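Asks: please find the sequence and the predicted model below.
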4 protein chains.
Amino acid sequence: MRATLLNCTLKPGPEESNTQALADHVVEALKSRGVTTEVFRLVDLNIKPGVEADMGEGDGWPRVHQSIRDTEILILATPTWVGHPSSLAQRALERLDAMLSETDDESRPVAYNKVAGVVVTGNEDGAHAVIASVAQGLIDIGFTVPGQAWTYWNKGPGPGPTYNESDEGHDWSQRTARAMAANLATVAEALAAHPMQAPPA
Amino acid sequence: MRATLLNCTLKPGPEESNTQALADHVVEALKSRGVTTEVFRLVDLNIKPGVEADMGEGDGWPRVHQSIRDTEILILATPTWVGHPSSLAQRALERLDAMLSETDDESRPVAYNKVAGVVVTGNEDGAHAVIASVAQGLIDIGFTVPGQAWTYWNKGPGPGPTYNESDEGHDWSQRTARAMAANLATVAEALAAHPMQAPPA
Amino acid sequence: MRATLLNCTLKPGPEESNTQALADHVVEALKSRGVTTEVFRLVDLNIKPGVEADMGEGDGWPRVHQSIRDTEILILATPTWVGHPSSLAQRALERLDAMLSETDDESRPVAYNKVAGVVVTGNEDGAHAVIASVAQGLIDIGFTVPGQAWTYWNKGPGPGPTYNESDEGHDWSQRTARAMAANLATVAEALAAHPMQAPPA
Amino acid sequence: MRATLLNCTLKPGPEESNTQALADHVVEALKSRGVTTEVFRLVDLNIKPGVEADMGEGDGWPRVHQSIRDTEILILATPTWVGHPSSLAQRALERLDAMLSETDDESRPVAYNKVAGVVVTGNEDGAHAVIASVAQGLIDIGFTVPGQAWTYWNKGPGPGPTYNESDEGHDWSQRTARAMAANLATVAEALAAHPMQAPPA
């Protein structure tokens, strides 16, 4: 079983990413279950605007798209800006939109039988809104979102330190990350054994 | 396999409910797969405000709660008011919140291994916001939301006719309702055969 | 200048309301500017489901409605449940929906030239989503939402203490409450001096 | 009085933009009130990821930023993708975030006394969610959102034609655009005559 992780931080590498720091706990917990994860830091690729799988010359999305096609688990990890998923998270959803019209040999949308989860960080309140937006988008496209397949680290009230600048609440966020990994892996296995079918006509 | 449907219309029975009219297509498609559905019209019960499973004398929620405990599939069907799930849909989520701390014999939150979907109607735009809110709430509590486990009938731009006053787009909404039923039933079966486990410590 | 405050807590009086505790800082700051505030604790009234200004016998809304008609400032104060405004906040928005079709002598929707703000509390993340939902609803109906006309006290990550159980971040939330009161009062005065007109045909 | 319009379409010029087509009705109505509007099509500029006013070499944002600093009215016009504001709309909000810490000579956040509105188009449902997200973001930053300062053209149920491919509902969307322009201009004038002050300490 394989996973693809999209890190939607606005900060180019190799700058430290708070979002990656929390997402790493999901990756590690997946690894302990034998799931290998391919990580993409979208800001370092050239993900062009558009809603097609390939937006032409220089577009960095096609290999991300291929990775998602090849794996059973998608993790979208994003910081919170102005209370929302980052512009790169929304960019990813726009590009994933092309999957609505891609089907497999059995006429199933290609996202069927894939599961997805959400990792959120932020130096202020907003995780629930981010999870709502991202989960709705992924469910629209055909991904299944298992119960409690998310974790977050957002503090409040008001602006404050980032994940890497504070120890507060790390235990909770990391324990929740481990539950997220377990739920993603188990539901992915369940769907592999008992798959969703093409939508009825 | 059984389902519970919460109709969150604001209109008391026996007035015709647009939301029920669309939800009936999900119920019928489930029936053709051998799934029986228990329907609750929440406005006709006395669902008290609060976040406990039983809010005391006269509270109409406990038997709804029991139905959800006993079934594998939850369908929340709601009209759209001011772009949001109805106050009765939010009331249902508040009461479902009590399930966060209920666990089964194997220490699993009781919503684990249950699936949930959303039916939305409205005389104006808003379905995506309603699906986002409701799905996020149900995933929080532990329900799994299968890919494309929703249908909606909301027209735009601006206020217009209701579902029962218009034929426009019924085909799409009803075909989507059948896909929703298929996805709910299949993922519920998958989880029954290959269940989620208690969250790791 | 007068204000109406809707406290949308789920807890009946006289139980202590965290939401009221924070909202009191807005009320006090308004008072220091000569604005008197009428407070309604909606859970203690019988606010019937529906989208009309008066839902008939026993309905507690009509006098709330009258208060809002008579004042220049509306404050919706709500706890956060499952990441959303409470069912009573949504109930209030549904009942306010009737104002869309009420106009004054100059054919203006009655909410024009009224300002509105939002107070949020919660024992977990969610304030931004609550502010987004409530502000959008109020703007739809015709209220003007001044810049930074909100305050909140929501902690994260994960569930934690309530406002009244913790001192953390009170300074920020209360200072923000005072800014909210100033912005509401100033913009209400600006609109009184220079009012919005009826929408062009 | 001047306005800045951010067109957040994903389509590069000179391709026809549905969002611009509807936004033009707001621009025209503003013009008839003597308001001139500067239009930016963000996809054609190089708006770098980040949350500072200037993200360095090649960044296209600084002159957009300057335009917004110089005008009294901001219009964010966006298509709907996966039910959300476009990635370019979110990018704009992220870059506007820098204004939180910019103050004028009287210690006021620079967005104070500016008004903002939202134009939404889409080939499917989603306008209310887009308006909620964008309005909340702009209010956070200090912009005032006047009552009914939005218009939209989103059809449903399900995917359908774009604004430029259909005549349905144009009247409603354009009449609402004229009301939006009137409300933006009037409230901007009100705030110019009776300005918001620096937040109390």
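Replies: Structure's in. What do you need? Numbers count the residues shown, from 1 in each chain, chains lettered A, B, ... in the order given.

Asks: could you use CA atoms for every contact and neighbour count after this?
Replies: OK.

Asks: neighbours of A:Pro157, how many?
Replies: The number of residues packed near A:Pro157 is 26, by other CA atoms under 10 Å in any protein chain shown.

Asks: and the gap between it and chain B?
Replies: 21 Å (CA to the nearest CA, to the nearest Å).

Asks: same check on A:Ala132?
Replies: According to CA to the nearest CA, A:Ala132 stands 5 Å off from chain B.

Asks: A:Phe143 contacts A:Arg108, doesn't it?
Replies: No: with contacts counted by CA atoms under 8 Å, A:Phe143 stays clear of A:Arg108, the gap being 11.8 Å.

Asks: the more surrounded of those two?
Replies: Each of A:Phe143 and A:Arg108 has its neighbours counted (other CA under 10 Å); A:Phe143 has more, 28 against 18.

Asks: quick check on the more buried one: phi, psi?
Replies: phi -70, psi 150 (degrees, to the nearest 10).

Asks: give me every residue that touches it.
Replies: Contacts for A:Phe143 were tallied using CA atoms under 8 Å, 6 or more residues apart in numbering or on different chains; they are A:Ala111, A:Tyr112, A:Asn113, A:Lys114, A:Val115, A:Ala116, B:Pro146, B:Gly147, B:Gln148.

Asks: quick check, nearest of these to chain D?
Replies: B:Gln148 (12.4 Å; CA to the nearest CA).

Asks: and the contacts of A:Phe143 as a markdown table, adding secondary structure?
Replies: Shown next, in a markdown table, are the contacts of A:Phe143 (DSSP: H, G, I helix; E, B strand; the rest coil):
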| residue | secondary structure |
| --- | --- |
| A:Ala111 | coil |
| A:Tyr112 | coil |
| A:Asn113 | coil |
| A:Lys114 | coil |
| A:Val115 | strand |
| A:Ala116 | strand |
| B:Pro146 | coil |
| B:Gly147 | coil |
| B:Gln148 | coil |
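
Asks: can you redo those residues as TSV with distance to chain D and neighbour count?
Replies: Below are the contacts of A:Phe143 laid out as TSV (distance: CA to the nearest CA, whole Å; neighbours: other CA atoms under 10 Å in any protein chain shown):
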residue	distance to chain D	neighbour count
A:Ala111	15	29
A:Tyr112	17	24
A:Asn113	20	27
A:Lys114	18	28
A:Val115	18	31
A:Ala116	16	32
B:Pro146	17	31
B:Gly147	14	30
B:Gln148	12	27
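
Asks: and these as TSV, adding distance to B:Thr9?
Replies: Shown next, in TSV, are the contacts of A:Phe143 (distance: CA to CA, whole Å):
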residue	distance to B:Thr9
A:Ala111	32
A:Tyr112	31
A:Asn113	32
A:Lys114	33
A:Val115	31
A:Ala116	31
B:Pro146	24
B:Gly147	25
B:Gln148	22
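
Asks: same for chain C: which of those are within range?
Replies: Among these, no residue lies close to chain C (CA under 8 Å from any CA of the partner chain).

Asks: hmm, which two among those residues are most spread apart?
Replies: Comparing every pair within the contacts of A:Phe143 by CA to CA identifies A:Ala116 and B:Gln148 as the most remote, at 12.9 Å.

Asks: can you put the contacts of A:Phe143 in a markdown table and add pLDDT and distance to D:Thr121?
Replies: Formatted as a markdown table, the contacts of A:Phe143 follow (pLDDT from 0 to 100; distance: CA to CA, whole Å):
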| residue | pLDDT | distance to D:Thr121 |
| --- | --- | --- |
| A:Ala111 | 98 | 26 |
| A:Tyr112 | 98 | 28 |
| A:Asn113 | 98 | 32 |
| A:Lys114 | 98 | 30 |
| A:Val115 | 99 | 30 |
| A:Ala116 | 99 | 28 |
| B:Pro146 | 98 | 28 |
| B:Gly147 | 98 | 25 |
| B:Gln148 | 98 | 23 |
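
Asks: circling back: if I look at A:Ala116 and B:Gln148, which residues touch both of them?
Replies: A:Phe143, A:Thr144.

Asks: which residues does the residue nearest to the spatial centre of chain A contact?
Replies: Geometric centre of chain A, nearest residue: A:Leu76, 1.3 Å, by CA atoms, centre = their mean. Each residue near A:Leu76 by CA under 8 Å, 6+ apart is listed here: A:Leu5, A:Leu6, A:Asn7, A:Cys8, A:Ala89, A:Ala116, A:Gly117, A:Val118, A:Val119, A:Val134.

Asks: what about the closest residue to the fifth one other than its chain neighbours, neighbour count?
Replies: Meaning A:Ala89. Distances taken as CA to CA, 6 or more residues apart in numbering or on different chains place A:Cys8 nearest to A:Ala89, at 5.3 Å, with adjacent residues excluded. By other CA under 10 Å, 28 other residues sit near A:Cys8.

Asks: next, give phi and psi for A:Cys8.
Replies: The phi/psi pair for A:Cys8 (degrees, to the nearest 10) is phi -100, psi 30.

Asks: list the contacts for it?
Replies: Contact partners of A:Cys8, counting by CA under 8 Å, 6+ apart, are A:Thr19, A:Arg41, A:Leu42, A:Val43, A:Leu76, A:Ala77, A:Thr78, A:Pro79, A:Ser86, A:Ser87, A:Leu88, A:Ala89.

Asks: by neighbours, which of those wins?
Replies: In terms of neighbours by other CA under 10 Å, the contacts of A:Cys8 top out with A:Thr78 at 32 neighbours.

Asks: look at that residue and tell me its secondary structure.
Replies: strand.

Asks: need the contact list for it.
Replies: Applying CA under 8 Å, 6+ apart to A:Thr78 gives the contacts A:Asn7, A:Cys8, A:Thr9, A:Thr19, A:Pro85, A:Ser86, A:Ala89, A:Val118, A:Val119, A:Val120, A:Thr121.

Asks: helices - which of the residues you listed land there?
Replies: Mapping the contacts of A:Thr78 onto helices (DSSP state H) picks out A:Thr19, A:Ala89.

Asks: now tabulate the contacts of A:Thr78 in TSV and tack on pLDDT.
Replies: Shown next, in TSV, are the contacts of A:Thr78 (pLDDT from 0 to 100):
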residue	pLDDT
A:Asn7	98
A:Cys8	98
A:Thr9	98
A:Thr19	98
A:Pro85	98
A:Ser86	98
A:Ala89	98
A:Val118	98
A:Val119	98
A:Val120	98
A:Thr121	98
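
Asks: among the contacts of A:Thr78, which ones are in strands?
Replies: Residues of those located in strands (DSSP state E): A:Asn7, A:Pro85, A:Val118, A:Val119, A:Val120, A:Thr121.

Asks: gap between the fifth one and A:Trp81?
Replies: Taking CA to CA, to the nearest Å as the measure, A:Val120 and A:Trp81 are separated by 11 Å.

Asks: helix or strand right after the helix or strand harbouring A:Leu138?
Replies: A:Leu138 is part of helix A:127-141 when elements are defined by DSSP states H and E. Downstream of helix A:127-141, the first helix or strand assigned by DSSP H and E is strand A:150-154.

Asks: quick one: average pLDDT of that next one?
Replies: In this model, strand A:150-154 has a mean pLDDT of 98.

Asks: and if you look at stretch A:46-56?
Replies: On average, stretch A:46-56 scores 98.

Asks: what sits up against the longest helix anywhere in chain A?
Replies: Using DSSP H to define each element, chain A has its longest helix at helix A:170-193. Applying CA under 8 Å, 6+ apart, the set of residues contacting helix A:170-193 from outside is A:22-23, A:25-27, A:29-30, A:33, A:35, A:72-73, A:113-117, A:146-153, A:163, B:187, B:190-191, B:193-197, B:199-201, C:157-158.

Asks: can I assume A:Gly169 is in contact with C:Pro157?
Replies: Yes: applying CA under 8 Å, one finds A:Gly169 in contact with C:Pro157, separated by 6.0 Å.
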